[in-house]
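Undergrad: Sequence first, predicted coordinates after that:
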Amino acid sequence: MTRLTTPSTSTETGKLTIADLAPTAGLTDQYDDLILRLCDIETHASSLALCADITDSRTRFCYHLRHALQSDTVYLCERDTLDIVATSSSMTTEQPCSDTLALHNALTSMVSDLWNCADPIYLPEISVFPDSNKFSFSIFPLNNKCGLLLIAVDAEVEDTLVGHYLSAAISGLFDIFRKQKQPDRTTCESHIFDLLQTEFRNSSAVVADLRLSRFKQSLKATPVSFSDLTPSNDNASPEALCTELPQNLYTVAALWEGDFIAALDSHCLTESSYGYKTLCENHNLLKFETSRPLQIKVHTQSLSNSIYIDTLIKLKEKSVIHESRLTFDILSETNRDQSTVVQSDQLAVLRTEPGLPVVRNKKQPASAPVTVNISEEFDIMSAHGIGHHSNTRLNKAAND
């Protein structure tokens, strides 16, 4: 998204340049600093260390939110009874805090139906203590089954930001604190970014770039495994070795798409190829032809990605992989695309760069999508959800 800015000289020349185009802020860009503060566990580690021995996750959560929102006090109350259950002004839920009680009483006296609060709300400033400034109250219903309201007093948050986007992030952070006593920053960022992307599908460039960085870190720490290393009984047509990565990586890639899918497929290709070569060497295989084929998962969009294709060619040139032993298991980019047929434009780079032939089914009209049959070359084995036998029939039909 760009904003057209007319320079002072534009009236004289009547022309615009690239310098006149400036990026505009997205709807969620204004939340960037606030969301990053929520996830920044390390900066506030000293305050959390004060309550490290407290097993109550709600108290630890209040301490962190107090710093993250830069507020005077943060406390939780039961929705039904409006009883205070945790506060950043007390080290334990058993110890009452008179200041927090005074704040809460002032709030409930002004809002009689606080229990009925269903949406985040920013209230006008309320006078609580004599001879003191008024306090602002931001109320966030936690979006889970715990039945709690989070109330931040005098938080450094603009009233325009008190809404569902911020409330969803706070609720996600609360879930993390309930599950982990000492969560780390990477876990918080990954969980909350994914939650916001799932619910709103409108993440800022800053959030998306940081999430991609975290995703690549998790890829580096995740080795590729193989489905079954048992020797095949069929020497003439041995079953392929299928690469495996945790499903959650594919779930994240499908959520964010684009660079996430490219990073996942490139990681799978490279790690699978080197792992396969090592496996062959460990079994003292002198020829690729005597080994089981390697089947690698790949999304359709990666087959027209220049970086992916370049990686494929380099692996071939280094003799890490061999065309006759490499197959692909094509994954759909979206749930709407479940076809076993790959569109010709998606395979354009794959055909032209490595110089691999494509066979058109003679029974199909010229305008129909093509199927791929590459004998002893890169073989598109199957589409998502289609087994080897179905693809064999496809390839046989392509040769008829």
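TA: Yes, it's here.
Undergrad: Show me where the stretch 151-300 of the chain has its strands.
TA: Under the criterion DSSP state E, counting those that start in this stretch, strands of the stretch 151-300 of the chain are mapped to 225-226, 241-244, 294-299.
Undergrad: closest one to Asp33 among those?
TA: strand 294-299 (33.6 Å; Cβ to Cβ). For glycine as for every other residue, the C-beta is placed from the backbone atoms N, C-alpha and C.
Undergrad: Partner strands of that closest one, with direction?
TA: strand 241-244 (parallel), strand 326-331 (parallel) (DSSP bridges).
Undergrad: Need the residues that contact the first one.
TA: Residues from elsewhere that reach strand 241-244 (Cβ atoms under 8 Å, 6 or more residues apart in numbering): 224-229, 268, 272, 275-276, 279, 292-297, 329.
Undergrad: Just the buried ones from the residues you listed, in PyMOL syntax?
TA: PyMOL command restricting these to the buried ones, with burial defined by 16 or more other Cβ atoms under 10 Å:
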select buried, resi 224+226+268+272+275+276+279+292+293+294+295+296+297+329
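Undergrad: tell me the SS of Tyr75?
TA: At Tyr75 the chain is in strand, as set by DSSP: H, G, I helix; E, B strand; the rest coil.
Undergrad: Apart from its chain neighbours, what residue comes closest to it?
TA: Thr87 (3.8 Å; Cβ to Cβ, 6 or more residues apart in numbering).
Undergrad: so how many other residues sit close to the one you found?
TA: Other residues within reach of Thr87, judged by other Cβ atoms under 10 Å, total 29.
Undergrad: which ones are touching it?
TA: Contacts of Thr87 (Cβ under 8 Å, 6+ apart): Thr59, Cys62, Thr73, Val74, Tyr75, Leu76, Cys97, Thr100.
Undergrad: May I have the beta-bridge partners of the fifth one?
TA: For Tyr75, the beta-bridge partners are Thr87, Ile151 (DSSP bridges).
Undergrad: Can you check what pLDDT the model gives it?
TA: For Tyr75, the model assigns a pLDDT of 95.
Undergrad: Near it, how many other residues are there?
TA: When neighbours are counted by other Cβ under 10 Å, Tyr75 registers 26.
Undergrad: tell me which strands and helices the longest helix seen in the chain is in contact with?
TA: In the chain, taking DSSP state H as the definition, the longest helix is helix 259-282. If you count contacts as 3 or more Cβ pairs under 8 Å, 6 or more residues apart in numbering; DSSP states H and E, helix 259-282 packs onto helix 205-220, strand 225-226, strand 241-244, helix 247-256, strand 294-299, helix 306-317.
Undergrad: Tell me which of the ones you listed is the most buried.
TA: Comparing the helices and strands packed on helix 259-282 by mean neighbour count (mean count of other Cβ atoms under 10 Å), strand 294-299 ranks first with a mean of 23.
Undergrad: what's the nearest residue to Thr73 once chain neighbours are set aside in contact with, if anything?
TA: Nearest residue to Thr73, sequence neighbours excluded (Cβ to Cβ, 6+ apart): Val153, at 4.4 Å. Neighbouring residues of Val153 by Cβ under 8 Å, 6+ apart: Ser71, Asp72, Thr73, Val74, Tyr75, Leu103, Phe135, Ser136, Phe137.
Undergrad: same check, this time on Leu123
TA: So Leu123 contacts Leu107, Met110, Val111, Ser136, Phe137, Ser138, Ile139 (Cβ under 8 Å, 6+ apart).
Undergrad: a markdown table for the strands of the stretch 151-300 of the chain, including mean pLDDT?
TA: As requested, the strands of the stretch 151-300 of the chain are exported to a markdown table (pLDDT from 0 to 100):
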| stretch | mean pLDDT |
| --- | --- |
| strand 225-226 | 87 |
| strand 241-244 | 87 |
| strand 294-299 | 86 |
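Undergrad: quick one: low-confidence ranges for the stretch 51-200 of the chain?
TA: For the stretch 51-200 of the chain, the stretches flagged by pLDDT under 70 are 51-55, 92-94, 144.
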